[in-house]
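[1] Below are the sequence and a predicted model; questions follow.
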Amino acid sequence: MSTKPILVVMAAGMGSRYGGLKQIDPIGPHGEIIIDYSLFDAIRAGFERVVFIINRRIADDFRDIVGDRVKAHMQVDYVYQELTERLPDGFSIPEGRRKPWGTAHAILCCAGLIDGPFAVINADDYYGRHAYELLYNRLCRSADRNGVYDYSMVGFRLANTLTEHGSVARGVCETDADGRLTNIMERTRVELVNGSPAFTEDGEHWTAVPADNLVSMNMWGFTPSLFAELETRFPRFLAETVPQNPEKSEMYIPMEVGALLREGRCTVDVLSSPDRWYGVTYREDKPSVTAALRRLTDEGVYPDRPLF
């Protein structure tokens, strides 16, 4: 098994809100897009190989805009997430289904290509330099023992992930005294209410959440043991969950990790990042993200030149 951690970037939906990759607005002072910062930080942390999960529709544009620029700095591989990928015998794609099967299925598509510890990130999220250093160093020590899988995730302070322009979905984490994940609850509507974070399930009743509560932003660390688990669980998802919502149901990473936790099959070390997470959830977020990246460049966190 390879011991060098590998970076896996979930990019199958990248650019979809813009109408395509070529329409993605530059966000950095030298025309960078968010994924440029992720790759730059990952390389600095020690990652030497990246696997991009994309769909065939954007493959050529993705190579032009992202892959070809970074391949001089790290090994680049591609995996395609399609509805037909890893579809077990006996199952078919529901009529009208266009949406991918979800983030857990995206990881399953990498089976056979990855034989060592690996990090998972979203292509459209800015995680910060320290997050990659924390995760890379932890992955270098990952080792499944006695049938218990050794996983990890980077947690961000809730207050460092919110926008002033609307609600967001967040995986709110609970940890034990040793900093290990005990529960993760997906809250689909979290926002600032009178300046403080709160969530609602019905749009009327709000529950406060501490500003320093750690949340998951889909930055995970896994060992290859996850692939066999997802291979087993994907048919169950297709048989039990998809019929309830054939066009839109998805298999998510936090749900599958949560199930493994409850079964005692894995442990998840939660690594707390001091960095602020950035993403353009709403169009109105772009000016503040652009200003933050300009400030980080002025402070010397990033060089004042094109990153690639």
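    Sure thing, it's come through. Note that the structure is predicted; figures quoted are calculated from it, not measured.
[2] Count the residues that sit near residue 305.
    8 (other Cβ atoms under 10 Å). For the C-beta atoms, the positions are set from N, CA and C on the backbone; glycine is no exception.
[3] how about residue 122, phi and psi?
    Note on residue 122: its backbone torsions stand at phi -90, psi 140 [degrees, to the nearest 10].
[4] That one contacts residue 253, doesn't it?
    No - with contact defined as Cβ atoms under 8 Å, residue 122 and residue 253 do not form a contacting pair (10.4 Å).
[5] Could you check which of these two is surrounded by more residues?
    Using other Cβ under 10 Å as the criterion, residue 122 and residue 253 rank with residue 253 on top: 24 against 20.
[6] Quick one: residues contacting the closest residue to that one other than its chain neighbours.
    Spatial nearest neighbour of residue 253, excluding adjacent residues (Cβ to Cβ, 6 or more residues apart in numbering): residue 103 at 4.6 Å. Contacts for residue 103 were tallied using Cβ atoms under 8 Å, 6 or more residues apart in numbering; they are 10, 218, 250-253.
[7] on that earlier part again, tell me, what's touching residue 122 and residue 253 both at once?
    With Cβ under 8 Å, 6+ apart, residue 122 and residue 253 have common neighbours residue 218.
[8] low-scoring stretches of this protein, by residue?
    1-2, 15-20, 22-23 (pLDDT under 70).
[9] rerun that using 50 as the cut-off
    Along the chain, no part satisfies pLDDT under 50.
[10] could you point out the longest helix in it?
    The residue-count maximum for a helix in the chain (DSSP state H) belongs to helix 225-240.
[11] Would you mind measuring from the residue nearest to residue 253 to residue 210?
    26 Å (Cβ to Cβ, to the nearest Å).
[12] Residue 138 too?
    In terms of Cβ to Cβ, residue 138 sits 24 Å off from residue 210.
[13] Which one's more surrounded, these two?
    Legend: neighbour count by other Cβ under 10 Å for residue 138 and residue 210, higher for residue 138 (20 against 12).
[14] before we move on, what SS does residue 98 have?
    coil (DSSP: H, G, I helix; E, B strand; the rest coil).
[15] pretty sure it contacts residue 247?
    Yes - Residue 98 lies in contact with residue 247 (Cβ under 8 Å); the separation is 7.5 Å.
[16] What ranges does the stretch 1-150 of the chain have for its helices?
    34-45, 59-62, 68-70, 103-108, 129-139 (DSSP state H, counting those that start in this stretch).
[17] and the shortest one, which residues are buried?
    Right, helix 68-70. Judged by neighbour count using 16 or more other Cβ atoms under 10 Å, the buried positions of helix 68-70 are 69-70.
[18] Use 549 as the first number from now on
    I'll keep to 549 as the first residue from here, and by that count the last item is helix 616-618.
[19] what helices or strands is it leaning on?
    Packing partners of helix 616-618 (3 or more Cβ pairs under 8 Å, 6 or more residues apart in numbering; DSSP states H and E): none among the helices and strands.
[20] Please repeat the previous calculation with a cut-off of 10 Å.
    helix 582-593, strand 623-628 (3 or more Cβ pairs under 10 Å, 6 or more residues apart in numbering; DSSP states H and E).
[21] just checking, next helix/strand downstream of the lengthiest strand in the chain?
    Taking DSSP state E as the criterion, the chain has its longest strand at strand 729-741. Next along the chain after strand 729-741, taking DSSP states H and E as the criterion, comes strand 744-748.
[22] in its sheet, what does that following strand sit against?
    strand 729-741 (antiparallel), strand 754-756 (antiparallel) (DSSP bridges).
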